[in-house]
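Participant: Quick one: sequence and predicted model below, then my questions.
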Amino acid sequence: MKNDNLQSIVNKIYFNEAEQYESQHGHGISDIESLTWQSDILSLAQFNGVQEILDVGAGTGLLTRLLAHFGYSVTGLDPSDDMLKQAIKNTSIEKYGESIKFVLGDTHQSDIFQASSFDCVVSRQVVCHFYDPMVVFGNWYTWLKDNGVVVITDGLWFREGWSNDELVDSLPLSCLQTRATVSYLLEKSGFRIIKNTLLNKVNEHLIATGKSKSLRYVVVALKDKVG
Ligand SMILES: C[S@@+](CC[C@H](N)C(=O)[O-])C[C@H]1O[C@@H](n2cnc3c(N)ncnc32)[C@H](O)[C@@H]1O
């Protein structure tokens, strides 16, 4: 199947989903996950110098708002008009001011941002949707400044969780049962892996509350300054 077709099938998943998205099983960010971002993930990511963050696949803006709440400037990118409209609805100007902006676009397209635009790229529960992860990771490498950091969280999703078999057999990261693949592809794209680990507290909570059986993990990678 052609890549444009694949992306339009992915976009259809999120069409008409936006309003109820955050209350669906496994999608919302629990208090435990918020704390994990604050106390574990951001310190793993050596966030000291970080100001400008790109949230790829921002969806309804859950992570975008959380990071803005922690004081960062965040750009949320998403190809779904529907999800972004909901993200804008969810983001009160009084609360977040100028610290959040949203951009409609597909992260496979290299010309959305200029080189060296961001200190950090984050992406939560999105990499499983990419039809060409190497193109995406190459774009992120370009969009990041030297010493910039990538933070990916995703799940070890099961095949049965997808409603479209063709999609599963076309998207390379759709239902991995290993944390190795994302790290491997990031390394092949020029990044140095800092951390690749399961999010234990988040997983315990998801399993105890029956919200999801797919284990969540985080990969943190650095774009080292060359020379
Ligand atoms: C499961 S949702 C995650 C949303 C958000 N990151 C969160 O944690 O709630 C996946 C999101 O990835 C977006 N997405 C899918 N393909 C994408 C692409 N090629 N570029 C950027 N975002 C994409 C979808 O439109 C959707 O909003």
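Facilitator: Structure received.

Participant: From now on I want contacts and neighbour counts done on CA atoms only, so please keep to that.
Facilitator: Noted.

Participant: how near is the residue nearest to G105 when sequence neighbours are not counted to the ligand?
Facilitator: In space, and not counting its chain neighbours, G105 is closest to P79: 4.4 Å by Cα to Cα, 6 or more residues apart in numbering. Remark: distance between P79 and the ligand (Cα to the nearest ligand atom, to the nearest Å) = 5 Å.

Participant: Now do the longest strand along the chain: everything it contacts.
Facilitator: Criterion DSSP state E: the longest strand present in the chain is strand 144-155. Identification of contacts with strand 144-155 by Cα atoms under 8 Å, 6 or more residues apart in numbering yields 45, 115-128, 214-226.

Participant: Of these, which belong to helices?
Facilitator: The helices in this structure, assigned by DSSP state H, contain none of those.

Participant: So which of those residues reach the ligand?
Facilitator: Applying Cα under 6 Å from any ligand atom to the contacts of strand 144-155, one finds that 123-126 fall near the ligand.

Participant: still on that earlier bit, can you go through the contacts of strand 144-155 and name the buried ones?
Facilitator: 45, 117-128, 214-223 (16 or more other Cα atoms under 10 Å).

Participant: circling back to that earlier point, who does the longest strand of the chain pair up with?
Facilitator: Strand pairing for strand 144-155, determined by DSSP bridges: strand 118-124 (parallel), strand 216-222 (antiparallel).

Participant: mind putting the ones next to the ligand among the contacts of strand 144-155 in TSV, pLDDT included?
Facilitator: Formatted as TSV, those follow (pLDDT from 0 to 100):
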residue	pLDDT
S123	98
R124	97
Q125	96
V126	98
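
Participant: Past the helix-or-strand element of the chain with minimal mean pLDDT, which element shows up next along the chain?
Facilitator: In the chain, the helix or strand scored least confidently by mean pLDDT, DSSP states H and E is helix 42-44, which has a mean of 73. Sequence-wise, the next helix or strand downstream of helix 42-44 (DSSP states H and E) is strand 52-56.

Participant: Show me how far that next one is from its chain's centre.
Facilitator: From the chain centre to the centre of strand 52-56 is a distance of 9 Å (Cα atoms, centre = their mean, to the nearest Å).

Participant: ok, now stretch 13-29?
Facilitator: Relative to the centre of its chain, stretch 13-29 is centred 15 Å away, using Cα atoms, centre = their mean.

Participant: Over to stretch 158-170?
Facilitator: 19 Å.
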